[in-house]
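Sharing a sequence plus its predicted fold:
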Amino acid sequence: MGRYVLRRLAQAIGVLWAAYTIVFVVLNLLPGDPVSAMAGAGADSGTIDPAVIARIKHQYGFDRPLLVQYGEYLGRAVRGDLGTSISTGRPVTSVLGQALPQTLELTGAALLLAVVFGGGVALLATYTSWRWLRQLLLSLPALGVSVPTFWVGLMLVEVFSFKARIFPAFGNDGLRGLVLPAVTLAIPTGAVIAQVLAKSLLSALSEPYVETARAKGAGRVRIHLRHALRNASLPALTVIGVWTAQLVANSVVVETVFARNGLGRVTQSAVTVQDLPLVQGVVIFGSLVFVGANLLVDLAYPLLDPRIVVASARQVRFA
Amino acid sequence: MTPHLSRTPLLRSVAILAAGATLLAACSSSGSSGNSSHGATTTTTAAGSAGGGAGKSGGTLTIAVSSDQGTEDPQEAGSNDTIFSARQIVDSLTDQDPKTGKIVPWLASSWDVSSNATTYTFHLRTDVTFSDGTALTAQVVKDNFDAIPKLGATAQLAAGYLTGATTTVVDAHTVKVSFPQPNASFLQATATHSLGILADSSAKASVAQRAKGVIGSGPFVLQKYVPNQEVDLVKRTGYKWGSSVFTKSGEAYLDKIVYKIVPEAGVRTGSLESGQVDAIGNVGLADEKALKAAGVNLISRANPGVVFNIGINNSRPLFQDKSVREAISLAIDRASIVSSQLPSGSQPATSILSHTTPDYENLSSDLTYDQAKAKSLLASAGWTAGSGGILTKNGTKLSFTIDWFANFGPSPAVLQLIQQELKAVGIDVQLKEVQIAQLVQIQQSGDFDALWGNLTRADPDILRSTYSTQGLNAYKVKDSTLDGLLIKQAATADASARQKLVDQAQESIVSNYYAIPVFELETEFGVAKRVHDFNFEASSRIQLHDTWVDQ
């Protein structure tokens, strides 16, 4: 088990490095540089002396060979120094630190809603013996997956803020401000959880051991929750791992629609002005979330299904 | 059994993250639209204002703007959305009257300009204090001006105003700024937010420290700044050194101004309609109808400076022929572009400068719409019908590309209209979207046929920085007469002599069609009925000292 975790950590570092490198390459393939981007986006560039721009580029070291820049950034990142945001002059860690709690609050609430409602829909759809209700419930996830988050957000704001005036349309103010964005963010994730869980539940319910349990006199609820759900939950758990990272990505859209501060907004504005250190910081953080969530899910497998053995640090094996 | 999902975390993670990064990069141009400062000042509409008279003190004004630059330092503020708040924190040495364009006293009660426009001596008021209690002195002004060029990437605009400047303290309340070359537009620059004066502690602070908040002497004090979320300003008590443009003397009316950062246009509009905010910026044509129906006042003012234009590269062989340039101008129906695509109140260009720019001259007779004349001009220049209705001459198609970037929402629709109108006279136009980060590079390399854009500055010297050999001359205009006029106006401190030179320069640019002016960009706000005297300053940003609300 210890070696398994070590191996996964090594993989995680590999992911971080690869993500970091790809972003560096991608951002440098884009035309322009942070100084020019700020000259063009922020100020009226026609009035700015090219010599001034060149001097500032030199100050930040953007005129050096890319490999040298890459080596220096990477060297500092390894030591935990993510550098200074070019657009604001603030340390990247403090920019991220300020935005992080708000995004965690949002994604945490969304994940909770997604699991509760996604799981609830799947359980009810597979439990009910009314055909029409089953059909209705099973069609919901498909709808939830296919409507764009952006549109859902705007519709919710229109109905519950502008018309009904129950919730504020924007901002990070307390629980009331959290409801609409969390629901918006939860819908696609909840829909996928419901889809996957419903499918696995249906296939689990047709397994022979369900027959056995039934023959032994187990009640419907017990069979559904104890026997079928436990076996059917692994794929859903995998999906949750993947979609936790997806939640952070979707928060770019949701935070924009609901004017919430957070990592998504930070990312969006950083990319706009090619604020390289800040974008790198976001990517490193995103990779950490991704790797961390997947690691947790992997470690949770054996707890749910004793048939899964973490064997000899080589791979997760199904006994 | 169920656990059959293949799990290769490394590859999958990398692929997803890389895809995400690429996607974000692709989104960047649309994301930046709120950042545009290419849109500017002075307004003539006074909608929502009861027009002078008795305002009421007190109350809070809530404004939704679309973006946050990441700082509230006026010297670094380049985006309009940030300037709207940062402007209120500081005073400038001078102010510019939005009605006349004249420079009037503010922190400096008077000034002397050397006749060759190289030396400026400012006599400061002696009763001014910053909100931290320190006093305004000549040394503070020097510290400000000395610090700005060292700020780096974030203060490029302010640093540009001070290129080559040497600031010296003459006595406690007299400060002198000298330049190696004539710089007649510097006086207007001292009226801008970019050269707003900060307290010494802020002037000496690093960019990172400034990002946490700055201290000024302005009518409002920065109380709270949460990046990407909210800016709170409160009234400066004891403020009594307002500019002579202000109608109310002493303190501002409002107790508090709250700026909410709301990036999504529909959410801003709905928030104003439902009373969650009192005013919104960046109103689009699509939102106007709903806002008007909700009883919201729409107020707007054309930005001073260079109008939105097709900035043709005059060194391209195709554009050496004046009849081609003129035909392009004649083929564009400016009035229909303005009425069909732009917010109400927008105006067609009537010069290369907008009508709110000091020394603007109306040259609309050179900017008419006449397709038949365009066709005959091209025919007499030897262009004949070719395949697909596009004219050709000696095997060359009459075709060029316009590079544009997404800093203004209606640009794509306007450009498509221009594309159709030029096609109608046999000119083929290709449209190419570029990233804002590429703009400087494209301008410097000169590798373009035409660039779409505008520039905001409440001083005609913008023409020199854009079209003269002393400036960037990105559009490769080769005209020594024009060059001489532009350089000479910068060295002419006498206002009426300078105006004559600026008028001649505008006539030269417009009648030679070195650039094809299309429309004047305007800054538009939607303002609730309870808000009065929501005023534009000379650069078409807002000055809220005189603004008041019903309570």
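Arrived safely, thanks for sending. Nothing here was measured: the structure is a model prediction, and the numbers come from that model.

what does the stretch 101-250 of chain B put close to chain A?
B:152-154, B:156-157, B:159-160, B:163, B:206-208, B:210-211, B:226-230 (Cβ under 8 Å from any Cβ of the partner chain). Heads up, the C-betas are built off the backbone N, CA and C, glycines and all.

I'd like to know which of those are part of strands.
Judged by DSSP state E, those include B:226, B:230 as members of strands.

What's the ChimeraX line that selects buried ones from the residues of the stretch 101-250 of chain B next to chain A?
The buried residues among those can be selected in ChimeraX (16 or more other Cβ atoms under 10 Å in any protein chain shown) with this line:
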select /B:152,153,154,156,157,159,160,163,207,210,211,227,228,229,230
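
In helices, which of the residues of the stretch 101-250 of chain B next to chain A fall?
B:156-157, B:159-160, B:207-208, B:210-211 (DSSP state H).

Can you add distance to residue B:314 and pLDDT and give the residues you listed back as a markdown table?
Output for those, formatted as a markdown table (distance: Cβ to Cβ, whole Å; pLDDT from 0 to 100):
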| residue | distance to residue B:314 | pLDDT |
| --- | --- | --- |
| B:156 | 26 | 76 |
| B:157 | 26 | 80 |
| B:159 | 29 | 84 |
| B:160 | 24 | 82 |
| B:207 | 38 | 86 |
| B:208 | 43 | 84 |
| B:210 | 41 | 91 |
| B:211 | 41 | 86 |
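
Among those, which pair sits farthest apart?
With Cβ to Cβ as the measure, no two of those lie farther apart than B:160 and B:208, at 22.2 Å.

how is chain B carved up into domains?
If you go by automatic domain parsing, the domain ranges for chain B are B:14-302+B:523-549, B:305-520.

need the least confident one among those, by mean pLDDT.
Looking at those, the lowest mean pLDDT belongs to domain B:14-302+B:523-549 (a mean of 86).

Pull the distance from it to the chain's centre.
Domain B:14-302+B:523-549 has its C-alpha centroid displaced from the chain centroid by 12 Å (Cα atoms, centre = their mean, to the nearest Å).

now do stretch B:466-475
With Cα atoms, centre = their mean as the basis, stretch B:466-475 stands 19 Å off its chain's centre.

before we move on, what about stretch B:431-445?
What separates the centre of stretch B:431-445 from the centre of its chain is 18 Å, taken as Cα atoms, centre = their mean.

Residue B:265 - how many residues pack around it?
Counted with other Cβ atoms under 10 Å in any protein chain shown, residues neighbouring residue B:265 total 18.

Spatially, which residue comes closest to it, not counting chain neighbours?
residue B:284 (5.9 Å; Cβ to Cβ, 6 or more residues apart in numbering or on different chains).

Mind listing what's buried along the helix or strand harbouring residue B:416?
Here residue B:416 sits within helix B:411-423, counting by DSSP states H and E. Within helix B:411-423, the residues scored as buried using 16+ other Cβ under 10 Å are B:411, B:414-415, B:417-419, B:421-422.

tell me which parts of the stretch 251-400 of chain B are close to chain A?
B:260-264, B:266-267, B:270-271, B:273-274, B:276, B:305-306.

Mind doing that once more with 6 Å?
Listed as neighbours of chain A in the stretch 251-400 of chain B under the rule Cβ under 6 Å from any Cβ of the partner chain: B:261-264, B:266-267, B:270-271, B:274, B:276.

The residues you listed into a markdown table, with extra columns for secondary structure?
As requested, these are exported to a markdown table (DSSP: H, G, I helix; E, B strand; the rest coil):
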| residue | secondary structure |
| --- | --- |
| B:261 | strand |
| B:262 | coil |
| B:263 | coil |
| B:264 | coil |
| B:266 | helix |
| B:267 | helix |
| B:270 | helix |
| B:271 | helix |
| B:274 | coil |
| B:276 | coil |
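
can you give me the helices for the stretch 101-250 of chain B?
Shown for the stretch 101-250 of chain B, the helices assigned by DSSP state H, counting those that start in this stretch span residues B:138-147, B:156-161, B:186-189, B:200-203, B:207-211.

sorry, back to before: got a markdown table for the buried residues of helix B:411-423, with distance to chain A too?
Putting these into a markdown table (distance: Cβ to the nearest Cβ, whole Å) gives the following:
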| residue | distance to chain A |
| --- | --- |
| B:411 | 14 |
| B:414 | 19 |
| B:415 | 18 |
| B:417 | 25 |
| B:418 | 21 |
| B:419 | 24 |
| B:421 | 26 |
| B:422 | 24 |
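
Mind putting the residues you listed into JSON lines with distance to residue A:284?
Supplementary listing: those in JSON lines, determined by distance: Cβ to Cβ, whole Å:
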{"residue": "B:411", "distance to residue A:284": "35"}
{"residue": "B:414", "distance to residue A:284": "41"}
{"residue": "B:415", "distance to residue A:284": "39"}
{"residue": "B:417", "distance to residue A:284": "45"}
{"residue": "B:418", "distance to residue A:284": "44"}
{"residue": "B:419", "distance to residue A:284": "44"}
{"residue": "B:421", "distance to residue A:284": "50"}
{"residue": "B:422", "distance to residue A:284": "48"}
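
give me the element the nearest residue to residue B:514 once chain neighbours are set aside is part of.
Once flanking residues are discounted, residue B:514 sits nearest to residue B:477: 4.8 Å by Cβ to Cβ, 6+ apart. According to DSSP H and E, residue B:477 maps onto no helix or strand at all.

Could you do residue A:298 as well?
Here residue A:298 is assigned to helix A:276-304, by DSSP H and E.

Identify each buried residue in that helix, please.
Going by neighbour count (16+ other Cβ under 10 Å), the buried part of helix A:276-304 is A:276-287, A:289-291, A:293-295, A:297-298, A:300-301.

Ok, stretch A:148-162 next?
Buried residues in stretch A:148-162, counting neighbours by 16+ other Cβ under 10 Å, are found at A:149, A:152-154, A:156-158, A:160-162.
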